[in-house]
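Visitor: I'd like to go over a predicted model; first the sequence, then the structure.
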Amino acid sequence: MLLALCEHCHLTARERVILKEVLQGKDNQNIASSPQLALGTVQAHVHNILKKTGTTTRQELTQLFWKG
């Protein structure tokens, strides 16, 4: 399901990694510490993911994922 959503929304490889962590319930700070990214970079990726998926919140994004 994750791959289908990523392909449908044209997410980059890094955005796919970030999306997976967002869906696991991690906040930006925890995501930033995992792949050694700057917090601002994670925030930018999350913003882009929300924009590309047409959602405005992490909760909405999670609901979109589980609806399939």
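Guide: Yes, it's here.

Visitor: hmm, who's touching stretch 21-41?
Guide: If you take C-beta atoms under 8 Å, 6 or more residues apart in numbering as the criterion, stretch 21-41 is touched by 2, 17-18, 42-43, 46, 49, 58, 61-62, 65. In short, each C-beta sits where N, CA and C put it, glycine included.

Visitor: who wins on neighbours among these?
Guide: Among the contacts of stretch 21-41, I18 has the most neighbours (other C-beta atoms under 10 Å), with 26 neighbours.

Visitor: how many residues are close by K20?
Guide: By the measure other C-beta under 10 Å, the count of residues near K20 is 13.

Visitor: my guess is it contacts L3, does it?
Guide: No: with contacts defined as C-beta atoms under 8 Å, K20 does not count as touching L3, sitting 10.4 Å away.

Visitor: adding pLDDT, write the contacts of stretch 21-41 out as CSV.
Guide: As requested, the contacts of stretch 21-41 are exported to CSV (pLDDT from 0 to 100):
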residue, pLDDT
L2, 90
V17, 94
I18, 96
V42, 96
Q43, 97
V46, 98
I49, 98
R58, 97
L61, 96
T62, 95
F65, 93
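
Visitor: nearest to L11, of those residues?
Guide: I49 (6.5 Å; C-beta to C-beta).

Visitor: where does the closest one fall, phi/psi-wise?
Guide: phi -60, psi -50 (degrees, to the nearest 10).

Visitor: what does the one 5 residues further on give?
Guide: Summarising the backbone geometry of G54 under the convention degrees, to the nearest 10, its torsions are phi 70, psi 20.

Visitor: show me what contacts it?
Guide: With C-beta under 8 Å, 6+ apart, G54 has these contacts: L64.
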